[in-house]
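Visitor: Sequence and predicted structure, then a few things I'm wondering about:
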Amino acid sequence: MNDPAAVSLDAARYPWLTADAAALLTWLHETDTAPRFNHHCGDRLTAEALARVKTFEQQLQTTPPGWSPAARPAWLPDFAAHCLATVPFYRQYGLPPANFADLPTCTRADLSHAPWAFVPDNAPLDDLIVYNTSGTTGHPLDILSHPEAASKYLPLLRAALVTRGVTLTLKELGQAGGRDPATGRLRVALVLVCFQRRTYTYASVSAYLGGAGFAKLNLNPDDWRDPADRARFLDACAPEVFTGDPLAFAELARLPLRHRPQALISTAMTLLPALRAELEAHFGCPVIDLYAMNEAGPIAAATPTGYALLQPQLYVEVLDAAGRPCAPDARGEVVLTGGFNPFLPLLRYRTGDYARLAYVGGQPRLLDLEGRPPVVFVGLAGQPINNIDVSGALKRFALPQYRLHQAADAALTLTVTPHTAVALAEVRAALLGLFGADQALTIVESDPAVAPAGKVIQYTREAA
Amino acid sequence: MELEGPPLEALTRRLAECPADFMAEPRVGALGQVAVAAVVADLLRDLGGPPLTHAQRDSFQPADAKRYRNWLQLVLIAAWLLHDPWFQSQTRFGAAAGDFLTGGLAQISALTPAASFVSDPDRREELVRLVLREFGLRPAGESLAQAQDRLTTLSTVERQRVIAAAQKAEERARAVRAAMEKQAAEEAAAQYSRE
């Protein structure tokens, strides 16, 4: 790879690159306040792939996601039959059953073991790309994907914005030649902020956004020539939307940023309601909690009535441990069928996340969504305490990240990323209110800038 | 195959007319409808055999639907075939049927959808001939050599198809892995949010 700090206009990264977009990319790399980028990444989008992304965008606008409580989506039988006929992993199941619910489920372990077995026989391999992910289990997983699938995130992010009433026009998001009126330069539409010890960072431009810019940044001061450049560079980029996780947004809120975005989109970690409210007040815009994963992309966006689904061709079930559909409103594992990744058609894929499926206005919503299987803690009086109750007790605190562990002797350890607005004594009182006044509880503060990157397992309990 | 059994056509016709109950979804864990172990237990009793052992019963109640669904479907289809009145009237095939259903179908169910043994004439004939051979029988009216030749022909053709399919699948998996390795040396496409 050529010097990541220097601009690269490689045709493979940008098969469509225009002079305007090249100028923006150069500026992103060479402006005085730019960070020390450590990677290059383009959208790799050919004209044909771009056309398909735009068709997908139209489909999002014309085909609302969801289905009625009485019937599964009409596309489901054909999709399942196609999977069983063309995808090596699913072919071992035999022929499609009469009842969709009799199809076996598959797991992250299946995918991790043989990701190539999920690639349909007829999928051309020319544009295959690979994302490595560690997830919360620490078990690495290779996700095979396609530049087209990567760019389909953008219309899905727009759909997520719409759920909170943010209806950015394509021009505002940078598409169709949106320009900064002050400089005449193409705009930077989107910035993904991270705050961790180390992560890939890069500046890029997007064909789907008409050449507008995108940057992935690490707010860790070590990534910058001068820590004060973080705010300067972001003000100069002035993105319409920030994506990131709660830890990064908490750090973003500490910067003396003059720019105010149209929205923040939070993924990857639990966003507690108090932190969301604080961020919304600080930035003066909606903060949208997005349920997304590498295997399926953006799945649903949090709304006041639960997580609203985003993809028209993604069927979401909630199943019990035995694989049976849960009763309406009962909590179970989120299981996905469909998706938009041509190298990973999902057929009853167990996500490892748990939620209730309810219908609001006749459309499905996910409620009480939490990653990882339920954990039942034990209180001082021996009372069982569900992790949902712990989340409920902590929801009024603006903790960017936390995890709670109960040892075999029932002692609790709460590890938190500190936040100025949160009095840990109050956090302690809230947990003791749940577990019992004399419950052993240690609160440990962690530094996100030196902690390992990525998701954490929120709740754990050691067998007694 | 020393002994003469029933006419081939009677048994292939029986397979072609396999009723919906035996084509229904086998129960794996909490899913499916048909308890395969119970069907096999009834069959062995009707064939005059010993009851299912615990190990046999367990083998028909696997937990992993991904690996065993197609095999269990084929067990049900074969159980329907073995319920033929001719076999029942002999009252001596129970033990052999138990062995056949437990271990004799895994290979042919690995790459052939179970329903093919009902819908495809060659697969019907192959399954019938496999059953007869397992019981030391040959179809009525055939010599030993004829019966062996025909089963060999059917099995060879199918085996070649299965081998070719397996080779094709392995070549494809190799190609995907090679594409993964090639891409790993390059960068992926930009990702617009964290997951």
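Guide: Now that the structure is in, tell me what you want to look at.
Visitor: phi, psi of the closest residue to residue A:277 other than its chain neighbours?
Guide: Spatial nearest neighbour of residue A:277, excluding adjacent residues (Cβ to Cβ, 6 or more residues apart in numbering or on different chains): residue A:398 at 7.7 Å. Using the backbone N, CA and C atoms, a C-beta is placed for each residue, glycine as well. Dihedral angles of residue A:398 (phi, psi; degrees, to the nearest 10) stand at phi -90, psi 60.
Visitor: per-residue confidence at residue A:398?
Guide: Residue A:398 carries a pLDDT score of 81 in this model.
Visitor: what's the answer for the one 3 residues further on, then?
Guide: For residue A:401, the pLDDT comes out at 81.
Visitor: And the strands in chain B, which stretches?
Guide: B:3-4, B:137-138 (DSSP state E).
Visitor: okay, now the residue nearest to residue B:177 when sequence neighbours are not counted: neighbour count?
Guide: Computed as Cβ to Cβ, 6+ apart, the closest residue to residue B:177 that is not its neighbour in sequence is residue A:116, at 5.4 Å. Counted with other Cβ atoms under 10 Å in any protein chain shown, residues neighbouring residue A:116 total 21.
Visitor: got the contact list for the residue lying closest to residue B:128 once chain neighbours are set aside?
Guide: Excluding the flanking residues, the one nearest residue B:128 by Cβ to Cβ, 6+ apart is residue B:11, at 4.4 Å. By Cβ atoms under 8 Å, 6 or more residues apart in numbering or on different chains, the contact set of residue B:11 is B:81, B:84, B:86, B:128, B:131-132.
Visitor: In chain A, where's the longest strand?
Guide: Max-length strand for chain A by DSSP E is strand A:346-360.
Visitor: Could I get the buried residue list for that one?
Guide: A:346-359 (16 or more other Cβ atoms under 10 Å in any protein chain shown).
Visitor: Turn the residues you listed into TSV, including pLDDT.
Guide: As requested, these are arranged in TSV below (pLDDT from 0 to 100):
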residue	pLDDT
A:346	98
A:347	98
A:348	97
A:349	96
A:350	94
A:351	92
A:352	87
A:353	90
A:354	91
A:355	94
A:356	94
A:357	95
A:358	93
A:359	92
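Visitor: Quick one: low-confidence residue ranges for the chain.
Guide: Because you didn't say which chain, this covers chain A. Scanning chain A for pLDDT under 70 picks out the ranges A:1-2, A:4-5, A:134-139, A:169-178, A:373, A:420, A:448-455.
Visitor: Chain B is the one I meant
Guide: Low-confidence segments of chain B (pLDDT under 70): B:185-187.
Visitor: Spell out which parts of it neighbour chain A.
Guide: B:24-25, B:28-32, B:64-67, B:69-70, B:73, B:110, B:113-115, B:169, B:172-173, B:175-177, B:179-180, B:183-184, B:186-195 (Cβ under 8 Å from any Cβ of the partner chain).
Visitor: For PyMOL, write the select line for the buried members of the residues you listed.
Guide: To isolate the buried ones among the residues of chain B next to chain A in PyMOL, judged by 16+ other Cβ under 10 Å, type:
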select buried, chain B and resi 24+25+28+31+32+65+66+69+70+73+113+114+115+172+176+179+180+183+187+188+189+190+191+192+193+194+195
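Visitor: Contact residues of the stretch 51-200 of chain A facing chain B?
Guide: A:88, A:92-95, A:97-99, A:101-102, A:104-106, A:110, A:114-117, A:119, A:121, A:125, A:128-131, A:133, A:142, A:144-145, A:147, A:150-151, A:153-154, A:157, A:190, A:192, A:194.
Visitor: If any of those are buried, put those into a ChimeraX selection.
Guide: Restricted to buried positions by 16+ other Cβ under 10 Å, the ChimeraX selection for these reads:
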select /A:88,92,93,94,95,97,102,104,105,106,110,115,116,117,119,125,128,129,130,131,133,142,144,145,147,150,151,153,154,157,190,192,194
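Visitor: Does the next helix-or-strand element following the longest strand of chain A reach chain B?
Guide: Counting by DSSP states H and E, the next helix or strand C-terminal to strand A:346-360 is strand A:363-371. No: between strand A:363-371 and chain B, judged by Cβ under 8 Å from any Cβ, nothing touches; the nearest distance is 11.2 Å.
Visitor: Next, the buried residues of strand A:363-371.
Guide: For strand A:363-371, by 16+ other Cβ under 10 Å, it's A:363-366, A:368-371.
Visitor: Now do the helices in the chain.
Guide: In the absence of a named chain, this looks at chain A. Taking DSSP state H to define them, one finds helices in chain A at A:19-30, A:47-62, A:76-86, A:88-91, A:108-113, A:147-162, A:229-237, A:246-254, A:273-283, A:387-394, A:424-435.
Visitor: my bad, chain B
Guide: Under DSSP H, chain B gives helices at B:8-16, B:20-23, B:36-46, B:54-59, B:65-82, B:85-90, B:94-103, B:106-110, B:116-119, B:121-134, B:144-184.
Visitor: winner for burial among these?
Guide: Mean neighbour count (mean count of other Cβ atoms under 10 Å in any protein chain shown) peaks for helix B:65-82 among those, with a mean of 24.
Visitor: Show me what that helix is packed up against.
Guide: If contacts are counted by 3 or more Cβ pairs under 8 Å, 6 or more residues apart in numbering or on different chains; DSSP states H and E, helix B:65-82 sits against helix B:8-16, helix B:20-23, helix B:36-46, helix B:94-103, helix B:106-110, helix B:116-119, helix B:121-134.
Visitor: Using PDB, write down the CA coordinates of that helix.
Guide: Taking C-alpha atoms only, helix B:65-82 is exported to PDB below (Å, rounded to 0.1, in the frame of the first residue of the first chain):
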ATOM      1  CA  ALA B  65     -31.300 -30.000  12.000                       C
ATOM      2  CA  LYS B  66     -28.700 -28.600   9.700                       C
ATOM      3  CA  ARG B  67     -26.900 -31.900   9.400                       C
ATOM      4  CA  TYR B  68     -29.600 -34.400   9.900                       C
ATOM      5  CA  ARG B  69     -32.800 -33.000   8.400                       C
ATOM      6  CA  ASN B  70     -32.300 -34.600   5.000                       C
ATOM      7  CA  TRP B  71     -31.200 -37.900   6.400                       C
ATOM      8  CA  LEU B  72     -34.200 -38.100   8.700                       C
ATOM      9  CA  GLN B  73     -36.500 -37.300   5.700                       C
ATOM     10  CA  LEU B  74     -34.900 -40.200   3.900                       C
ATOM     11  CA  VAL B  75     -35.400 -42.500   6.900                       C
ATOM     12  CA  LEU B  76     -39.100 -41.700   6.900                       C
ATOM     13  CA  ILE B  77     -39.400 -42.500   3.100                       C
ATOM     14  CA  ALA B  78     -37.500 -45.700   3.600                       C
ATOM     15  CA  ALA B  79     -39.700 -46.600   6.500                       C
ATOM     16  CA  TRP B  80     -42.700 -46.200   4.300                       C
ATOM     17  CA  LEU B  81     -41.100 -48.500   1.700                       C
ATOM     18  CA  LEU B  82     -40.300 -51.100   4.400                       C
END
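Visitor: Just give me how far it sits from the chain centre.
Guide: Its chain's C-alpha centre and that of helix B:65-82 lie 6 Å apart, by Cα atoms, centre = their mean, to the nearest Å.
Visitor: between it and helix B:36-46, how many degrees?
Guide: For helix B:65-82 against helix B:36-46, the angle by axes from the mean of the first three to the mean of the last three Cα atoms, to 10 degrees is 20 degrees.
Visitor: what's the angle from helix B:65-82 to helix B:121-134?
Guide: 70 degrees.
Visitor: In the stretch 251-400 of chain A, what residue comes closest to chain B?
Guide: Nearest to chain B, among the residues of the stretch 251-400 of chain A, is residue A:322, at 3.5 Å (Cβ to the nearest Cβ).
Visitor: ok now do residue A:97, which residues does it touch?
Guide: A:103, B:25.
Visitor: same check, this time on residue A:235
Guide: Residue A:235 touches A:257-259, counting by Cβ under 8 Å, 6+ apart.
Visitor: Please repeat the previous calculation with a cut-off of 10 Å.
Guide: A:33, A:255-259 (Cβ atoms under 10 Å, 6 or more residues apart in numbering or on different chains).
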